[in-house]
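Student: Here is the input, now give the coordinates:
(2 chains)
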Amino acid sequence: MRERAGKALLLVGLATMILGLWREEALLVLEKAIIICLQCIGIG
Amino acid sequence: MYRRRLSQILATVASNSYLPGWLKGRIYQGKLKMICVPFLNCYSCPGAIGSCPVGAFQSLAAGYGRTISLYISGFLLAVGALGGRFVCGWLCPFGLVQELCYGGKGRLRQLPPLVEKLKFLVLGLTVALPFVWRDPTGLAEPYFCKFACPAGTFQAGLPLVSLSPALQGLVGWLFSWKLAVLLLVLMAAHYYWRPFCRVLCPLGAFYGLLNRWSIWQLRLNRHRCTDCGACARQCQACLNPRLESNSSACIRCLECVSVCPTRALSFANHTVNSQRFTSKGNTVGK
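Tutor: The predicted structure is shown next:
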């Protein structure tokens, strides 16, 4: 049961990630990550 | 222990290896930042070459689009499905920082079980708040990063503010609050082993939920176990690996595996039915 669950979760995770990449979410991540996050560093 | 420490150091250095950032107080803006690292590592850290999954997830959720990032969710699910909290024990830079602060070797302090469950509440709030708590313009904020994350203060806030006079002029109550959270966590880390990971980390909570189902699991061979209790005495998270080997509180440091005199404990891929691998690399028959 657990063996199948682990594999199934891995496959679901990979499929979801690929779907996200297909939606070009990696570019959205890049857009956010190349700007200093003022909240994260405690400025505002 | 030595191999784990080496792995933590390598992960920390590799994920924060943008030297110009450290020297000039700016952040890396190249394409590698499309890639998330599997642990907390603030993308505003001057050395960071990848993105923090928690920060990126929240930032995307906080925008007008209210994007639930499938890329980040799927990535974290896949990493957790492989090894549960293995990432926490072997790769996380802020885990390393807390371990270096720990001064209570040999006298482990247990946290109340209810306190350790707080991280699941933090996980729920981290995911939900950016979608529901919005200002009148329709925008939200990365609330966990803003109010709670000590890793961001340590890795990004302190270096950037100390290197940039412009940012120093903007320091206010929020920075003082975040500094207080960081100091509290580091002081607690002197007395309790990795308190942030055990109580507050949303990523650890998520991976912890997958500990029970992950492909690589901590396994106990009951025929070999002599109930000597060495694993329970060694466990820094105050667990008993014989009874709760895949608890969500286990960060899979695998100290219990290395200390077991009969090699009854192993960290094994349970899809490989014929063999088990001990921490020393030996193969043990089923």
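Student: Give me the nearest residue to B:Val259, chain neighbours excluded.
Tutor: Across the structure, with Cβ to Cβ, 6 or more residues apart in numbering or on different chains as the measure, the residue nearest B:Val259 apart from its sequence neighbours is B:Gln234 (4.4 Å). Backbone N, C-alpha and C define where each C-beta goes, glycine included.
Student: contacting residues around the one you found?
Tutor: Counting by Cβ atoms under 8 Å, 6 or more residues apart in numbering or on different chains, B:Gln234 touches B:Glu255, B:Cys256, B:Val259.
Student: Could you find the residue nearest the spatial middle of the chain?
Tutor: This is for chain A. Most central in chain A under Cα atoms, centre = their mean is A:Met17, positioned 6.7 Å from the mean C-alpha point.
Student: nope, chain B
Tutor: The structure's chain B has its C-alpha centroid closest to B:Cys88; by Cα atoms, centre = their mean the separation is 4.1 Å.
Student: which residues sit against stretch B:238-248?
Tutor: Applying Cβ under 8 Å, 6+ apart, the contact partners of stretch B:238-248 are B:84-85, B:108-111, B:205, B:208-209, B:211-212, B:214, B:217-220, B:225, B:227, B:231-232, B:235, B:249-250, B:256, B:265.
Student: Could I have the buried ones of the residues you listed as PyMOL selection syntax?
Tutor: Here the buried members of the contacts of stretch B:238-248 are turned into a PyMOL selection, burial being counted by 16 or more other Cβ atoms under 10 Å in any protein chain shown:
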select buried, chain B and resi 84+85+111+205+208+211+214+217+218+219+220+225+231+232+235+249+250+256+265
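Student: out of the contacts of stretch B:238-248, which are inside helices?
Tutor: Among the contacts of stretch B:238-248, the residues falling in helices (DSSP state H) are B:Ala205, B:Gly208, B:Leu209, B:Cys231, B:Ala232, B:Cys256.
Student: Distance check, the first one against A:Ala5.
Tutor: Here B:Ala205 is placed at a distance of 19 Å from A:Ala5 (Cβ to Cβ, to the nearest Å).
Student: now, which of the contacts of stretch B:238-248 lie close to chain A?
Tutor: Restricting the contacts of stretch B:238-248 to those near chain A by Cβ under 8 Å from any Cβ of the partner chain leaves B:Arg212, B:Ser214, B:Gln217.
Student: Now tabulate these in JSON lines and tack on pLDDT.
Tutor: Below are those laid out as JSON lines (pLDDT from 0 to 100):
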{"residue": "B:Arg212", "pLDDT": "92"}
{"residue": "B:Ser214", "pLDDT": "95"}
{"residue": "B:Gln217", "pLDDT": "91"}
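Student: Closest one of these to chain A?
Tutor: Closest approach to chain A among those (Cβ to the nearest Cβ): B:Ser214, at 5.5 Å.
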